[in-house]
Structure formats: structure tokens, C-alpha cells
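Asker: I would like to see how this sequence folds:
(one chain, ligands or ions: 1)
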Amino acid sequence: MAEGARTRTVADVMSRQVLTASPSETIAEASQRMNERKVGSVVVTDDTRVVGILTERDVVNVAASGVDTTIAKVSEWMSADPDTVSSDTEISVAFQSLVEHGYRHHPVVEDGHLVGLVSMRDTMRVAHIQPVEHPSQMDAPRGLEGLIVAETEVGDVRGQEGFYHYRQYNAVELAEKRSLEDVWYLLFEGELPTKEQRERFIEEKNQYRQPPENVKQLLPAIAAAGERFTPLDALRTAVSLIAYAEDFKPSLDISKEELRKNALQISAVIPSLIMSLYRLNKGLEPIDPNPELGYSANYLYMLTGEVPDPDHARAVEQYQISTIDHGFNASTFTARVITSTGADLGSAVVGAIGALSGPLHGGAPSRALDMLDAIGKPENAEAWIRNAVEKGDKIMGFGHRVYKTDDPRSVMLRGVAERLGGENVEFAKQIEKTVVDTLAELKPGRKLYANVEFYAGVVMDKCGLPRELFTPTFASSRVIGWCANILEQAADNRIIRPSARYVGPPPPVPVPDPE
Ligand SMILES: CC(C)(COP(=O)(O)OP(=O)(O)OC[C@H]1O[C@@H](n2cnc3c(N)ncnc32)[C@H](O)[C@@H]1OP(=O)(O)O)[C@@H](O)C(=O)NCCC(=O)NCCS
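Answerer: Numbers count the residues shown, from 1 in each chain. Reported below is the predicted structural model:
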């Protein structure tokens with residue numbers, strides 16, 4: 001239960017303007033008023049005493065039975081003596097009662113008289129939703145915010161505390177102390193590797209770093225296909241091609257071992273695909289992976305052919321570790337939904353890349369840097385931000401669905417940026433402060449802070465990664481998290497298939513004959 005929900009009562013959230021009907025009214029009269037007020041139920045009262053409730057479902061049943069709604073009486077079709085709650089009932093208790101009975105509304109009564117109506121939606125604004133036995137009877141909050149839809153051992157995010165973890169370890173501590181390969185092993189195998197396990201794992205994954213020969217031959221065509229080169233689109237196409245060329249089978253039909261092999265192959269090849277496609281588009285030959293280098297040093301190496309500055313390699317590695325996984329974000333959820341159908345791992349990763357490409361998810365770091373360019377000087381910042389927010393624009397790199405305090409990734413990356421130093425870093429820090437202060441004034445109570453994307457752009461820029469590779473670099477590490485989630489979903493699967501509330505014109509309308 002969310003903090004605060006324990007003490008809040010139905011009186012805090014109920015509607016006081018309740019649509020009522022008398023038992024002697026006709027169904028047609030009552031349903032017309034429901035339509036006009038756009039509500040799904042009407043409370044039936046005798047004077048102000050609650051005697052029944054009539055819902056849309058009841059109205060549909062009347063229509064389906066063929067009874068004339070202008071004659072049928074409310075009293076004949078309503079649910080008599082409905083369960084009610086009092087206005088001092090705790091919200092969580094009202095929520096539980098709605099869920100258990102499969103109701104959408106409870107009339108609220110005082111001394112037997114109607115004083116309000118509380119809906120599932122009202123209670124969910126404050127109650128933290130726990131999995132229930134009949135989720136199809138529940139209204140989920142918009143954007144599925146706060147809704148628990150699965151159990152996972154991969155990791156989690158605690159938004160109020162500004163903390164996230166991979167398995168049982170603090171993710172920021174992992175980024176400070178471990179290599180990307182170690183964290184990758186942790187995500188796939190459930191534990192940090194011993195020296196021997198690490199060596200074996202690196203050897204195993206390195207055999208997949210090169211794209212298969214038949215795909216390699218097609219990469220120049222992919223890199224040149226778009227009128228405008230969008231690296232993430234090219235990557236998604238190449239990943240799809242690999243899964244097809246390598247005959248990835250539906251997860252439903254293969255063993256755990258084969259699915260893990262698919263996962264390792266796709267995760268290992270993605271960095272090479274990103275850099276090969278980028279270079280090919282610039283008319284340059286792809287550079288083969290360097291067996292001497294660790295994951296992130298090799299990533300930078302494949303961009304230029306030069307062994308990178310170790311500080312740059314470590315900074316990119318810390319960024320990549322910090323973005324491997326992050327709870328049930330949109331792309332991870334996408335990967336799990338696709339896997340839940342039993343589809344192959346390639347399909348799930350392609351779908352996840354698509355979800356990541358959106359500016360509200362992974363497409364923000366280059367936009368955050370574009371914003372720094374557009375602001376130009378610290379003294380322009382406040383006016384620029386005010387203008388953007390007043391126009392209804394979002395400030396890229398700020399705000400988060402889960403964090404309502406500092407995003408620990410942004411705190412860590414600010415530290416990495418400071419270590420790298422330079423004018424742009426100081427400028428970014430000033431802008432961060434101005435954005436946070438201005439948003440606190442213009443959007444009070446929303447708790448908007450820098451998210452991972454803000455300093456990610458600054459760090460990647462400093463390490464020589466071009467802006468167009470920012471989101472692909474995010475994908476290069478997040479693929480490990482997607483794959484860990486895919487393996488977990490496939491190991492204990494049930495198809496993810498929710499429901500939607502139909503809010504269009506009431507059916508069934510007779511289908512007109514064609515003109
Ligand atoms: C991350 C994000 C998508 C979360 O969205 P969400 O949980 O649906 O939050 P909402 O969009 O409902 O935001 C809540 C309120 O804060 C405001 N807000 C959120 N992020 C904002 C931002 N970056 N700039 C200005 N206002 C912002 C919203 O306008 C809204 O205000 P309102 O109550 O007046 O309508 C959103 O903060 C955002 O678009 N940020 C910018 C893009 C970005 O950096 N994405 C990378 C995420 S890691």
C-alpha cells in the first residue's frame with residue numbers, strides 16, 4: 001500500500017454528485033441520463049435511501065433480452081440492496097472490497113442515506129495495487145503506473161528512495177566496482193562470476209561478437225537503405241535479420257539452454273552491429289572486435305580503430321552497466337509481452353528496440369545535449385526553460401515515472417562527468433540546477449529531477465561517441481537486461497493479455513447495408 005493510503009478514507013476521493021434514479025423509472029429514462037452524464041452506473045434511491053444499483057451491464061442485458069426499455073422498470077433490473085461503504089472506510093479496504101466482489105462502484109452511505117459514490121478508479125489513485133485473483137475485473141491506472149504485473153528476480157527500482165538493484169546488489173555499486181562482463185554474468189546466471197567463470201563466459205560470448213557471414217554481407221545494404229540514417233532503425237533491422245538467418249525458434253519450442261544461447265548471441269553481436277552500420281553509412285569499413293579489449297573499450301575501438309583512453313572506456317562502461325536493467329520499463333515490458341506469446345528471442349529484442357526508440361524512453365540523451373546547445377549560455381537558461389514549459393514541452397533528461405527524488409543513475413553519471421571534467425560538464429551542472437529550480441516553481445509538487453539521460457549525453461559526448469549513437473549505446477547494454485527478462489519470462493510463462501474498457505458508441509448497432 002502506498003504511504004498515505006492507510007489513513008485516507010473514502011470521503012477523500014468519492015464523488016459527491018451521484019447520479020440517481022427512482023425504482024419506478026423506466027430503463028430508457030435511466031440509461032439516457034447515464035449516457036448524458038457519461039457514467040457507468042446509477043444508484044437507485046427511495047427518497048435518499050439506497051435500494052439498488054443499475055449498471056451499464058444491466059442496461060445491455062435488458063436490451064439483449066428484447067424487453068422494451070421504455071416499459072421495463074429500473075426496479076426489475078437493478079441489483080437490489082447493493083453493498084455499500086461508509087465515508088470513513090479506509091480506501092484500501094474499499095479497494096479490496098471492489099476487487100473481491102468484482103464491482104466497479106460502491107455507493108457511500110451515512111445513516112442509511114446516500115452521500116457519494118466511490119469507484120475503482122477513485123481508490124486506485126491512492127492505493128498501491130497488489131496482484132489480485134481476477135485482474136480482468138480491475139481498472140488499471142493510466143500508463144499502468146504502480147501496477148505490479150509480474151514477479152521478477154532480475155532487479156527492481158525503488159523510486160521514493162532513489163535506489164535500484166540488479167538481483168541483490170546495488171546497481172550503482174556494481175557500476176563502481178565491477179566490469180560489464182561481470183554484471184552481464186550476474187544478470188544471466190543469477191550470481192557474480194568467480195575468476196574462472198568470468199574467463200569461460202568471456203570466451204563463450206566472444207565467439208558471437210561477429211555477425212554471421214551471410215548477415216555481414218547484407219549490412220552495407222541496411223546502412224544505405226534509409227534516406228536518412230537512423231542507427232537504431234538500422235540496428236533493429238539487422239537484429240531481425242540475424243534472428244531469421246540463424247533460425248531462432250519460438251521460445252515455446254526450445255530448451256532453456258538454446259534460448260540462453262540465442263540471448264548470448266544477440267547481446268554479444270549488438271555492439272558490433274551498431275558500429276559496423278555506423279561506419280558503413282559513413283563509407284568506412286567496419287572494424288573487427290579487438291580480442292585484447294574489455295567490452296566497452298572494444299565498443300569505442302570499433303568506432304575509430306584506435307584503442308581508447310582507459311578513462312573514456314571506463315566512463316562508457318559505467319554508463320553501460322548503469323543502464324543494463326531498470327525494472328519494468330516500457331522496452332523490458334515489451335520484450336516480456338512478446339516472449340509471453342512464445343515468440344522467438346529475436347522478435348522480443350526487435351520489439352524492445354522499437355519501444356526504446358521513443359523520445360520518452362531512450363531517445364532523450366541526444367535531445368538533452370541539443371537543449372544544452374540551444375540554451376548556449378547559463379544566463380539564457382531560465383527564460384528558455386520557462387518558455388518551453390509554458391508551451392507545454394517536456395524538458396528532455398528530466399522527470400521520471402518511478403523516481404520522485406534524484407535518479408541514482410544521474411547522480412552517478414554526474415560524478416563520472418565531473419571526473420572527466422571540462423567546460424561542458426560545468427555548464428550542464430548549472431543548467432541542471434536551473435531546470436530543477438524552474439520546474440519546482442512551474443510544476444510544484446511533481447518532484448522533477450534530472451534522469452539518467454541528462455548526464456548520459458554529457459558523458460558519451462566527452463568520450464567521443466557521436467550523438468546519433470547515444471540511443472544505440474543505451475540499447476547495447478539494455479539488451480542484456482531485456483534478455484535476462486526474456487529468459488525469466490520464458491522459464492515461467494503465462495501469456496500477457498490484459499483487457500481494455502470499451503468507451504466507444506454503445507454496441508450493437510445494426511450494420512447498415514452497403515450503399
Ligand atoms: C519520463 C517521463 C516520460 C515520465 O512521464 P510520466 O510518469 O507519465 O509523468 P507525466 O508526463 O504525467 O508528468 C507529471 C507532470 O510533470 C510534468 N513533467 C514531467 N516531466 C517533465 C519534463 N521533463 N519537463 C516538464 N514537465 C514535466 C508533466 O507535464 C506533468 O505535469 P502536469 O501535472 O501539469 O500535467 C516524463 O517525465 C518525460 O517526458 N520526461 C522527458 C523525457 C525524458 O527525459 N525521458 C527519459 C526518461 S529516462
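
Asker: next up, phi/psi of the residue lying closest to S476 once chain neighbours are set aside, please.
Answerer: By the measure of Cβ to Cβ, 6 or more residues apart in numbering, the closest residue to S476 outside its immediate chain neighbours is P271, 4.9 Å from it. Every C-beta, even on glycine, is put in place using the N, C-alpha and C of the backbone. Phi and psi for P271, reported as degrees, to the nearest 10, are phi -60, psi -40.

Asker: now P271: how far from the ligand?
Answerer: As judged by Cβ to the nearest ligand atom, to the nearest Å, P271 and the ligand stand 21 Å apart.

Asker: likewise K177?
Answerer: In this view, K177 and the ligand are 24 Å apart by Cβ to the nearest ligand atom.

Asker: now do A64
Answerer: The gap separating A64 from the ligand is 39 Å, by Cβ to the nearest ligand atom.

Asker: do you know how far that residue is from V458?
Answerer: Distance, A64 to V458, using Cβ to Cβ, to the nearest Å: 61 Å.

Asker: more neighbours, these two?
Answerer: V458 (27 against 9; other Cβ atoms under 10 Å).

Asker: spell out which parts of the stretch 401-515 of the chain neighbour the ligand.
Answerer: With Cβ under 6 Å from any ligand atom as the criterion, the stretch 401-515 of the chain meets the ligand at residues 401, 439, 443, 446, 448, 451-453.

Asker: where in the stretch 51-200 of the chain is pLDDT low?
Answerer: Across the stretch 51-200 of the chain, the ranges flagged by pLDDT under 70 are 125-137.

Asker: and it, which residues reach the ligand?
Answerer: Contact residues (Cβ under 6 Å from any ligand atom) of the stretch 51-200 of the chain with the ligand: G143.

Asker: which residue sits farthest out from the middle of the protein?
Answerer: Going by Cα atoms, centre = their mean, the residue of the chain most distant from its centre is I71, 49.6 Å out.

Asker: confirm that one sits in a strand?
Answerer: No - assessed with DSSP: H, G, I helix; E, B strand; the rest coil, I71 is coil; it does not lie in a strand.

Asker: measure it to P508 for me?
Answerer: For I71, the distance to P508 - Cβ to Cβ - is 21 Å.

Asker: what residue in this structure comes nearest to the ligand?
Answerer: As assessed by Cβ to the nearest ligand atom, the ligand sits closest to G399 within the chain, at 2.4 Å.

Asker: got phi/psi on the closest residue to that residue other than its chain neighbours?
Answerer: Excluding its sequence neighbours, the residue lying closest to G399 (Cβ to Cβ, 6+ apart) is L448, at 4.6 Å. Per-residue torsions, L448: phi -100, psi 120 (degrees, to the nearest 10).

Asker: and L448, what does it touch?
Answerer: With contact set as Cβ atoms under 8 Å, 6 or more residues apart in numbering, L448 has these partners: 395, 398-399, 436, 439-440.

Asker: quick one: contacts for the residue farthest from the centre of the chain?
Answerer: Contact partners of I71, counting by Cβ under 8 Å, 6+ apart, are T26.

Asker: tell me how far it lies from A28.
Answerer: According to Cβ to Cβ, I71 and A28 sit 9 Å apart.

Asker: any shared contact partners between these two?
Answerer: Between them, I71 and A28 share no contacting residue, judged by Cβ under 8 Å, 6+ apart.

Asker: which residues touch R209?
Answerer: Here R209 is in contact with 268-269, 271-272, 289 (Cβ under 8 Å, 6+ apart).

Asker: does T70 touch S31 like I think?
Answerer: No - between T70 and S31 there is no contact under Cβ atoms under 8 Å: 10.5 Å.

Asker: neighbour-wise, which of these two wins?
Answerer: A side-by-side neighbour count of T70 and S31, using other Cβ under 10 Å, places S31 first with 23 against 9.

Asker: SS state for the more buried one?
Answerer: Look at S31: counting by three-state DSSP, its state is helix.

Asker: point out where this protein drops to low pLDDT.
Answerer: For the chain, the ranges with pLDDT under 70 are 1-6, 125-137.

Asker: again, only using 80
Answerer: Low-confidence segments of the chain (pLDDT under 80): 1-7, 38, 57, 60-61, 63-64, 99-102, 121, 124-138, 363-365.

Asker: now for the residue of the chain closest to the ligand: which residues touch it?
Answerer: Taking Cβ under 8 Å, 6+ apart, one finds 439, 446, 448-449, 451 in contact with G399.

Asker: and what of V269?
Answerer: Residues in contact with V269 (Cβ under 8 Å, 6+ apart) are 208-211, 242.

Asker: cool, V59 as well?
Answerer: With contact taken as Cβ under 8 Å, 6+ apart, V59 is in contact with 27, 30-31, 34, 69, 77.

Asker: got those as JSON lines, with distance to T230 columns?
Answerer: Converted to JSON lines, these look like this (distance: Cβ to Cβ, whole Å):
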{"residue": "I27", "distance to T230": "55"}
{"residue": "A30", "distance to T230": "54"}
{"residue": "S31", "distance to T230": "51"}
{"residue": "M34", "distance to T230": "48"}
{"residue": "T69", "distance to T230": "55"}
{"residue": "W77", "distance to T230": "56"}
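
Asker: please, where are all the helices along the stretch 301-450 of the chain?
Answerer: Assigned by DSSP state H, counting those that start in this stretch, the helices in the stretch 301-450 of the chain fall at 310-322, 330-340, 345-356, 365-375, 381-390, 408-420, 423-442.

Asker: just send the ones you listed back as CSV, with mean neighbour count too.
Answerer: Shown next, in CSV, are the helices of the stretch 301-450 of the chain (neighbours: other Cβ atoms under 10 Å):
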stretch, mean neighbour count
helix 310-322, 22
helix 330-340, 23
helix 345-356, 25
helix 365-375, 19
helix 381-390, 16
helix 408-420, 21
helix 423-442, 17
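
Asker: quick one: which of these is nearest Q197?
Answerer: Closest to Q197 of the helices of the stretch 301-450 of the chain, according to Cβ to Cβ: helix 310-322, at 17.9 Å.

Asker: helices and strands around the closest one, which ones?
Answerer: When contacts are defined as 3 or more Cβ pairs under 8 Å, 6 or more residues apart in numbering; DSSP states H and E, helix 310-322 sits against helix 171-177, helix 180-189, helix 295-304, helix 408-420, helix 452-462, helix 470-491.

Asker: for the third one, packing partners?
Answerer: If you count contacts as 3+ Cβ pairs under 8 Å, 6+ apart, helix 295-304 packs onto helix 180-189, helix 256-281, helix 310-322.

Asker: could you list the buried residues of that helix?
Answerer: For helix 295-304, a neighbour-count test (16 or more other Cβ atoms under 10 Å) marks 295-303 as buried.

Asker: quick revisit: can you put the contacts of V269 in TSV and add secondary structure and distance to the ligand?
Answerer: Shown next, in TSV, are these (DSSP: H, G, I helix; E, B strand; the rest coil; distance: Cβ to the nearest ligand atom, whole Å):
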residue	secondary structure	distance to the ligand
Y208	coil	29
R209	coil	28
Q210	coil	32
P211	coil	29
I242	helix	27
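
Asker: which pair in those spans the largest distance?
Answerer: The largest separation in the contacts of V269, counting by Cβ to Cβ, is between R209 and I242 at 12.3 Å.
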